[in-house]
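Undergrad: predicted model, plus sequence, below.
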Amino acid sequence: MHKYFKNKEISQFKHNEQFIMEQLELLTKLDEWTIKAHTEIIENLMTLQDFRYIALFIIEFIVYKMSDDETFDKTHTPPAPIMTRSEQKLITLILEIDKKVQNFSDMIIKGIQFRLFRLGVSQEVQIVERLFRILVVLNKIKKDREKVRIFCCDALYCLKLGAVNIIYVALMCWPEVLPKYDPNNDVIVKTIVHIIMSLKVTKPFPKLYSLKTLLFKYYNYPDSGYTPSLIKDELLKNLKENTPGVNTAMLLLCKSMGPSWAIENIIKELKQIIVTQSHPSLYEVLTLLGNILRPIRIETTYSEIYNIINQLCDVLDSNAGPDDLQEGVVSCLISISKFKYKQVARSVLKWQFNKSIRPSTNDKLKSFFLCQDTKWWWQFVQSNFPRPQQD
């Protein structure tokens, strides 16, 4: 019986996929894009009821079925963002369904975001650009410029040189995503521009040249003078002043410069800030410390990371310092626990907090304990925290 229902579900899934793909193919191939034809396709799709299917297969259609050779339709650009005719039709379709199904466009946005930044698979440049163009246009319609800027940060953090194409697409679709040059621009904007203008390649990369030229000629950013020491000093100064956005800027810079540079130039400075308590929140600095070290591969051998774990475990075991420090230590240790999981687990299990902890710390603790199953934890507790023998 179970197998029957499973096969039936798979069959229904494939049927829905084929039906949705056929409707989207029909839409994009329409020579006469009339209201009547467009409405009929929407009505056909709405018969499915499960709109998660529709959102999923719209994204799959964008990835696998749309042509890489279709030319851009610039009839209404500007002010309309630059798109192909097929992309215009899909955007209109998504917005029409969004009027009938609450948060449908958000499903699309989250799905594209996951595919671009979380799935961990390499994708063709044309596919990445097409997905991000849809993402930018949907957010532009919602007037959510800040979210697009966050996506650009995600791209720089996750995709390295692949971010160049994404940021170029963002600026071509919505130039106001980045402000023009001003010495008083916020630290995230300064860091984004610094990273882009500092990028160097050994092979021809026309899109990088185009992006740098755009920043220089249209946005008026300097075309030289981007040295790591200058941006590092500025970010450390802003960190001590608790400037909004500085943690994100730090993470972007450290990821772009690599672990050796980050450990030598940022981690040592953060440790000094913690020792001297020259920041309003030790929790924030310790969390930042963990977030910078977390993406470093476990195969690498940086003695500094193991020293940090030993020192923080000692602090936690001694129960020394204020609650903000203790919670920050836990937050940092969990972020880098992959390097010494059992040692971190022993110290975290012994931690006794005297006040309610932050939701972010609570979420980290849940994820940390779910890394191992119940049997593992039972054996771990038995061997590390034996019950005292009774007389």
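TA: Right, received. Where do you want to start? Numbering: from 1, shown residues only.
Undergrad: where does the prediction get shaky in this structure?
TA: Counting by pLDDT under 70, the chain has low-confidence residues at 1-9, 119-122, 388-391.
Undergrad: now the strands for it?
TA: Remark: strands assigned in the chain by DSSP state E are 72-73, 83-84.
Undergrad: possible to save these as JSON lines with mean neighbour count?
TA: C-beta coordinates here come from the backbone N, C-alpha and C atoms, glycine included. JSON lines is the format used below for the strands of the chain (neighbours: other CB atoms under 10 Å):
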{"stretch": "strand 72-73", "mean neighbour count": "14"}
{"stretch": "strand 83-84", "mean neighbour count": "20"}
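Undergrad: quick check: which of those is nearest to residue 222?
TA: Distance to residue 222, taken as CB to CB, is lowest for strand 72-73 among these, at 30.6 Å.
Undergrad: re earlier: out of the strands of the chain, which is closest to residue 200?
TA: strand 72-73 (29.7 Å).
Undergrad: what's the closest one in contact with?
TA: 82, 83, 84, 85, 88 (CB atoms under 8 Å, 6 or more residues apart in numbering).
Undergrad: can you count the residues close to the fourth one?
TA: I take that to be residue 85. 15 (other CB atoms under 10 Å).
Undergrad: does it really touch residue 70, like I thought?
TA: Yes: with contact defined as CB atoms under 8 Å, residue 85 counts as touching residue 70 (7.0 Å).
Undergrad: from residue 370, how far out is residue 153?
TA: 27 Å (CB to CB, to the nearest Å).
Undergrad: and the gap between residue 115 and residue 56?
TA: As judged by CB to CB, residue 115 and residue 56 stand 10 Å apart.
Undergrad: number of nearby residues for the closest residue to residue 61 other than its chain neighbours?
TA: Spatial nearest neighbour of residue 61, excluding adjacent residues (CB to CB, 6 or more residues apart in numbering): residue 24 at 4.6 Å. Residues lying near residue 24 (other CB under 10 Å) number 24.
Undergrad: cool, residue 107 as well?
TA: Residues within reach of residue 107, counting by other CB under 10 Å, total 20.
Undergrad: for it, which non-adjacent residue is closest in space?
TA: Closest to residue 107 by CB to CB, 6+ apart is residue 55, at 3.9 Å.
Undergrad: any idea how far the most centrally placed residue in the chain is from residue 118?
TA: The C-alpha lying nearest the average C-alpha coordinate of the chain belongs to residue 154 (CA atoms, centre = their mean; 3.9 Å). Residue 154 sits 9 Å away from residue 118, going by CB to CB.
Undergrad: and what of residue 341?
TA: On the measure of CB to CB, residue 341 and residue 118 end up 23 Å apart.
Undergrad: and what of residue 38?
TA: According to CB to CB, residue 38 stands 32 Å off from residue 118.
Undergrad: between those two, which one's more packed in?
TA: Using other CB under 10 Å as the criterion, residue 38 and residue 118 rank with residue 38 on top: 16 against 9.
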